[in-house]
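Visitor: The following block contains a protein sequence and its predicted model.
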Amino acid sequence: METIHTDVLIIGGGLAGLRAGLAARKRGQKVIILSLVPPKRSHSAAAQGGMQASLGNTLKGAGDNEDVHFEDTVRGSDWGSDQEVARIFVHTAPKAVRELAAWGVPWNRVQAGAHEVIIDGQRVTLQEPEAAHGLITARDFGGTKKWRTCFVSDGTGHAMLYAVSDQTIAEGIPVHERMEAVALIHDGQRCHGAIVRNLINGEFVAYVARATCIATGGFGRIYQSTTNAVINEGIGAAIALDTGVVPLGNMEAVQFHPTAIFPAGILVTEGCRGDGGLLRDVDGHRFMPDYEPEKRELASRDVVSRRMEAHIRAGKGVKSRFGEHLWLDITLLGEAHINGKLREVKEICQYFLGIDPAKQWIPVRPAQHYSMGGIRTDAHGHARGLRGLFACGEAACWDLHGFNRLGGNSVAETVVSGMIVGEAIADYCASPEGDMQVSTALIRECGERVRQEFAAIAANHGSENAHDLLRSMQALMTEKVGIVRDGENLTAAVHELKSLILRSHRIGLQSHRAGANPELTTAWRLQKMLKLALCVAHGARQRTESRGAHFRSDYPRRNDADWLKRTLATWPDPEQLVPSLAYEALDVRRMELPPGWRGYGARDFIEHPDTAHRQTRIETIKASLGNADRHSLQEALMPFRHLLPEHLRGPNARLEDIA
């Protein structure tokens with residue numbers, strides 16, 4: 001088996017992986033990036049609507065700053081986020097968006113003077129000031145108080161990915177394509193790289209590294225209806241889980257996007273609603289104001305998705321031969337706006353539905369979209385359980401998003417976490433802890449274990465079909481571990497998934513040839529995906545409350561007293577059929593923003609016993625500081641700058657500061 005040595009191994013060629021690799025390379029580390037596909041084909045390219053950063057350049061974004069973005073993010077997470085991580089994120093996002101502009105991302109810009117927009121179904125004229133002309137503009141997104149989402153029409157991820165990928169090429173960072181990490185090289189205490197399978201010839205290669213970073217994206221393909229690309233099967237998280245010592249955090253926290261086209265499940269951006277699009281039912285009635293009169297279509301994604309499903313169950317869905325759906329109406333935006341700022345949406349509608357969204361309503365229904373859960377890390381991206389292992393982006397539970405992510409925060413997280421984690425990786429490699437002594441015997445043993453695993457699948461002549469089992473898992477997850485959950489269905493899901501794991505050990509292949517063998521690849525990945533599905537289903541069954549995107553109809557209240565804690569799932573014994581769960585309590589006494597009402601539905605939640613005490617403490621601190629500026633107040637409430645690299649600690653300039 002060939003062995004390749006490097007300082008830093010990045011597993012995943014999307015925005016998060018590329019940006020982390022760039023940060024480490026700029027610090028002098030030798031970096032190799034592995035990718036299933038050419039980087040510019042990564043799922044990051046599918047991000048449409050935009051990236052959140054509190055620039056405050058537009059009239060509707062005036063007064064925006066890190067404090068407002070922080071509060072939106074924490075409330076959006078339903079108080080499940082790590083507030084220190086949320087702080088370093090909102091502080092760094094403006095720096096990241098400006099860096100991307102310098103790298104060539106053609107952000108839409110403010111045009112001074114009068115222009116028309118659609119707000120709450122009404123045409124409104126806004127007057128942008130001359131001082132803002134040419135600055136990066138923003139659009140509205142769900143769950144935010146200000147217009148904050150920077151965008152490149154509706155191809156934001158595409159533009160960002162190309163710019164960052166070009167920087168990777170300019171830095172001379174090699175990207176090894178069509179390579180899949182299938183196991184981590186580790187001794188139970190430290191990670192030394194990965195065993196990697198060449199998808200072209202089926203051969204195994206050992207990549208030995210001082211630091212390894214998993215940035216493989218989400219695991220949406222465990223669901224039948226998902227906006228995720230076919231490569232988003234969660235294998236990065238799965239090989240971390242396979243170590244037996246690395247925990248996955250909050251795996252039950254799965255987000256469903258309100259507007260996937262029906263029945264294909266392809267995403268149409270939240271920018272459609274941010275720009276003024278409306279949701280309508282079978283009668284053409286705009287129903288979201290009936291449920292959420294304040295935020296309407298721009299409530300948080302988890303709220304809108306649940307309201308849509310409830311409206312369909314109330315008999316207001318549009319019936320079709322594929323099932324029921326609702327309508328997204330963007331006709332009121334006009335053809336010029338759609339052609340200029342929603343052109344990808346128009347093409348999707350034309351190619352997959354045969355309709356013109358400037359003239360016809362778009363059939364939509366919620367679909368799985370994002371995984372808040374992933375490899376549990378600290379604020380610097382260090383994974384729990386193994387030294388030398390890092391994670392960033394959607395593959396990680398950093399934990400910025402808690403139990404629900406705001407639109408625009410994920411594509412921002414890819415570059416922000418990449419910047420921060422890449423610096424931490426470089427620090428690690430430059431420290432004595434980054435020194436590595438690894439025996440060739442350990443590399444050989446890990447490689448041999450993987451060979452035997454694949455050989456056993458290839459030699460199996462069982463009666464089960466991998467593709468049939470995969471479809472069964474996906475249908476089961478969509479039906480019983482979806483938007484609305486309950487104990488009975490979750491228990492049934494866990495039972496059936498355990499049965500599918502046992503059946504997966506009896507898969508028989510039609511082709512036993514060596515080399516590239518897609519059937520063998522599917523059979524191997526299926527067993528990993530089933531473990532991830534069980535982490536989701538078992539975690540959801542145990543969490544007897546509703547929080548963010550995790551909604552239990554039999555436990556509809558958020559219960560901070562018992563469940564203000566992060567789920568940690570491990571799989572220490574390869575023979576066990578469900579993950580081992582532990583819980584990590586969130587410390588209310590250190591929170592800058594103690595738990596409260598999110599702003600949706602009834603003020604009905606069970607309060608944490610420390611909340612009142614922390615709120616009193618905050619008021620005392622505020623009173624003691626008198627007229628101190630917001631930066632001093634924030635520092636007194638919850639310091640965070642020490643967690644950032646020194647060059648990212650400085651303040652963000654805004655138009656209001658210049659004025």
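Guide: Alright, I've got the coordinates.
Visitor: make it CA atoms for all contacts and neighbour counts henceforth
Guide: OK.
Visitor: what's near enough to touch residue 155?
Guide: By CA atoms under 8 Å, 6 or more residues apart in numbering, the contact list for residue 155 reads 45-49, 344.
Visitor: Can you list the buried residues in the helix or strand containing residue 72?
Guide: Residue 72 is part of helix 66-76 when elements are defined by DSSP states H and E. Within helix 66-76, the residues that count as buried by 16 or more other CA atoms under 10 Å are 66-67, 69-76.
Visitor: and if you look at stretch 102-118?
Guide: For stretch 102-118, using 16+ other CA under 10 Å, the buried residues are 104-112, 117-118.
Visitor: what do you get for stretch 572-586?
Guide: Neighbour-count burial for stretch 572-586 flags 572, 577-581, 586 (criterion: 16+ other CA under 10 Å).
Visitor: Could you do stretch 647-659 as well?
Guide: Buried residues in stretch 647-659, defined by neighbour count with 16+ other CA under 10 Å: 648, 652, 654.
Visitor: Give me the lowest-pLDDT entry from those.
Guide: Comparing pLDDT over those, the lowest score belongs to residue 654 (91).
Visitor: I figured it hits residue 56, correct?
Guide: Yes - counting by CA atoms under 8 Å, residue 56 is a contact partner of residue 654 at 6.7 Å.
Visitor: could you pull out the helices for the stretch 501-650 of the chain?
Guide: Ranges of helices in the stretch 501-650 of the chain, per DSSP state H, counting those that start in this stretch, are 518-542, 560-563, 611-625, 630-637.
Visitor: where's the shortest one relative to the chain centroid, distance-wise?
Guide: Helix 560-563 has its C-alpha centroid displaced from the chain centroid by 24 Å (CA atoms, centre = their mean, to the nearest Å).
Visitor: same thing with the last one?
Guide: For helix 630-637, the distance between its averaged C-alpha position and the chain's averaged C-alpha position is 29 Å (CA atoms, centre = their mean).
Visitor: what about the strands in the stretch 351-500 of the chain?
Guide: 362-371, 374-376, 389-391, 396-397 (DSSP state E, counting those that start in this stretch).
Visitor: Of these, which is nearest residue 477?
Guide: The closest of the strands of the stretch 351-500 of the chain to residue 477 is strand 362-371. By CA to CA, the value is 10.1 Å.
Visitor: re earlier: and the two most separated of the buried residues of stretch 102-118?
Guide: Spanning the widest gap among these are 104 and 118, at 29.5 Å by CA to CA.
Visitor: Residue 541 against residue 490, yeah?
Guide: Yes - judged on CA under 8 Å, residue 541 makes contact with residue 490 at a distance of 5.5 Å.
Visitor: where does the chain dip in pLDDT?
Guide: Low-confidence segments of the chain (pLDDT under 70): 658-659.
Visitor: which residues does the most centrally placed residue in it contact?
Guide: The residue lying closest to the centre of the chain (CA atoms, centre = their mean) is residue 394, at 3.9 Å. Residues counted as contacts of residue 394 (CA under 8 Å, 6+ apart) are 215-218, 370-374, 410, 414.
Visitor: Spatially, what comes nearest to residue 358 if we skip its sequence neighbours?
Guide: Using CA to CA, 6 or more residues apart in numbering and skipping residues adjacent in sequence, the residue nearest residue 358 is residue 331, 4.5 Å away.
Visitor: What's the local residue count around that neighbour?
Guide: By other CA atoms under 10 Å, the residues close to residue 331 number 19.
Visitor: so it touches residue 362, yeah?
Guide: No - between residue 331 and residue 362 there is no contact under CA under 8 Å: 9.5 Å.
Visitor: so what's residue 390 bridging to?
Guide: residue 213, residue 382 (DSSP bridges).
Visitor: That one is in contact with residue 216, isn't it?
Guide: No - using CA under 8 Å, residue 390 makes no contact with residue 216, being 11.8 Å away.
Visitor: These two - which one has more neighbours?
Guide: residue 216 (33 against 28).
Visitor: Let me see the contact set for the more buried one.
Guide: Residue 216 touches 11-14, 17, 232, 234-237, 393-395, counting by CA under 8 Å, 6+ apart.
Visitor: to the chain's geometric centre, what's the distance from stretch 179-193?
Guide: Centroid displacement of stretch 179-193 relative to its chain, using CA atoms, centre = their mean, is 23 Å.
Visitor: Just to check, residue 151 is in contact with residue 141?
Guide: No - Residue 151 is beyond contact range of residue 141, at 11.1 Å (criterion: CA under 8 Å).
Visitor: mind listing the helices in the stretch 301-450 of the chain by residue range?
Guide: 301-311, 335-341, 343-348, 409-430, 440-459.
Visitor: Find out how far the third one is from the centre of the chain, if you would.
Guide: Pointing back at helix 343-348 there. Using CA atoms, centre = their mean, the offset of helix 343-348 from its chain centre is 23 Å.
Visitor: Quick one: list the elements packing against it.
Guide: Identification of packing neighbours for helix 343-348 by 3 or more CA pairs under 8 Å, 6 or more residues apart in numbering; DSSP states H and E yields no helix or strand.
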